[in-house]
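J.: coords please:
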Amino acid sequence: MATATPKARPVQRIKMRIRKGDTVQVIAGKDKGKTGEVLRTLPNENRVVVQGVNLRTRHVKPTQEGETGRIVTEEASLHASNVMLYSAANKVASRVEIVVQEDGSKKRRLKKTGEVLD
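T.: Have a look, this model is predicted:
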């Protein structure tokens, strides 16, 4: 009988232009059009967890005596290519560009609105 081999993970982490705390809009999938804040980024898998998007329900068994089982709803990760940064002021999703300031620091800027994020 053959044993199951674990799925090979990518060795190199992907540079992401989306960071924790950013507001994003889902552009593909069952939650298309929804917006939310990024709770976590998973750069090794090129995925993000967005608040209130891609919800999964999990049935949790009681672990201690006297405790009751419960149903937990939590956010699952989305692929980073399925979300776009969202400007709440202009209500538009946009791509991101990296601009170098005069002092040499790098900032992220939305292409459509010109809004600087960092």
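
J.: quick check: which element contains the residue positioned nearest the centre of the chain?
T.: Centroid-nearest residue in the chain, with C-alpha atoms, centre = their mean: residue 48, separated by 2.2 Å. Secondary structure from DSSP states H and E places residue 48 in strand 47-50.

J.: same deal with residue 39?
T.: Assigned by DSSP H and E, residue 39 falls within strand 35-42.

J.: what residues sit buried inside that strand?
T.: Within strand 35-42, the residues scored as buried using 16 or more other C-beta atoms under 10 Å are 35, 36, 38, 41, 42. Yep, even glycine has a C-beta here, placed from its N, CA and C like the rest.

J.: any chance of a markdown table for those, columns distance to residue 21?
T.: Listed next are these as a markdown table, based on distance: C-beta to C-beta, whole Å:
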| residue | distance to residue 21 |
| --- | --- |
| 35 | 14 |
| 36 | 11 |
| 38 | 6 |
| 41 | 10 |
| 42 | 15 |
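
J.: not including adjacent chain positions, what is the nearest residue to residue 39?
T.: In space, residue 39 comes closest to residue 49 once its chain neighbours are excluded; the distance is 4.7 Å by C-beta to C-beta, 6 or more residues apart in numbering.

J.: how about residue 95, nearest residue that isn't a chain neighbour?
T.: Counting by C-beta to C-beta, 6+ apart, the residue nearest residue 95 is residue 111, at 4.7 Å.

J.: swap that for residue 89, sorry
T.: Once flanking residues are discounted, residue 89 sits nearest to residue 115: 7.1 Å by C-beta to C-beta, 6+ apart.

J.: run a quick neighbour tally on that neighbour.
T.: Counted with other C-beta atoms under 10 Å, the neighbours of residue 115 add up to 16.

J.: one more: residue 18?
T.: Residues near residue 18, counting by other C-beta under 10 Å, number 19.

J.: got the contact list for it?
T.: Counting by C-beta atoms under 8 Å, 6 or more residues apart in numbering, residue 18 makes contact with 24, 38, 41, 48, 80, 83, 85, 96.

J.: how close does it sit to residue 8?
T.: Remark: distance between residue 18 and residue 8 (C-beta to C-beta, to the nearest Å) = 24 Å.
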